[in-house]
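Asks: model the structure of this input:
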Amino acid sequence: MTTVLAPVEGAAVGLAAVPDPVFSAGMVGPGTAIDPLRGRVGRRCEAVAPISGKIMKLHPHAYVIVGDDGRGVLVHLGIDTVQLKGKGFHLLAAEGDRVSAGQPVVAWDPAAIEAGGRSPVCPVVALDAPAESVTGITEGAVQVGQELFRWE
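Replies: Predicted coordinates:
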């Protein structure tokens, strides 16, 4: 079993609440989403590794960490944020790095994403997982590093 932790603080809202049909329909994989806590524009917060493992993909707006068991978890910081071409994101790790669960990976500003007309909602997805393998999905307020779901 893999325990997936919340990469950001906010409210766990479920994938159905993601304003993107690919995520909301579960096409990327099962999991949940977090509506991140927003401070004032200009206040960065850190998105952390949801599991321990190796950063296999790292874009300013999204990252995939693969654990020693071969399971990959995607964290996507906001919707349509790829269009920002990295503006507003600061990498705190590098692709290929080994990270521990809870280790900062990217600093970003959810309030600035929202102010720019995009949703800051963060899907957290178990890649290549059958829907029934994800259990114990947390709902409501979550802190960084709190259990978000289990991947059986």
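
Asks: touching the helix ranked longest in the chain from outside, list them.
Replies: With secondary structure taken from DSSP state H, the chain has its longest helix at helix 110-115. Residues outside helix 110-115 that contact it (CB atoms under 8 Å, 6 or more residues apart in numbering): 8, 36-43, 45, 77-78, 81, 84, 88, 119-120. Quick note: C-beta positions are derived from backbone N, CA and C, even for glycine.

Asks: buried stuff in it?
Replies: Across helix 110-115, burial judged by 16 or more other CB atoms under 10 Å covers 110-114.

Asks: next one: stretch 80-93
Replies: 81, 84, 88-89, 91-93.

Asks: now flag whichever of those is closest to D68.
Replies: Proximity of those to D68 (CB to CB) peaks at A93, which lies at 17.3 Å.

Asks: and the closest one, helix, strand or coil?
Replies: coil (DSSP: H, G, I helix; E, B strand; the rest coil).

Asks: doesn't Q103 make contact with it?
Replies: Yes - shown here, A93 and Q103 form a contact pair, counting by CB atoms under 8 Å, at 7.2 Å.

Asks: just checking, R98 touches G53?
Replies: Yes - with contact defined as CB under 8 Å, R98 reaches G53; the gap is 7.1 Å.

Asks: tell me which of those two has more neighbours.
Replies: G53 (23 against 13; other CB atoms under 10 Å).
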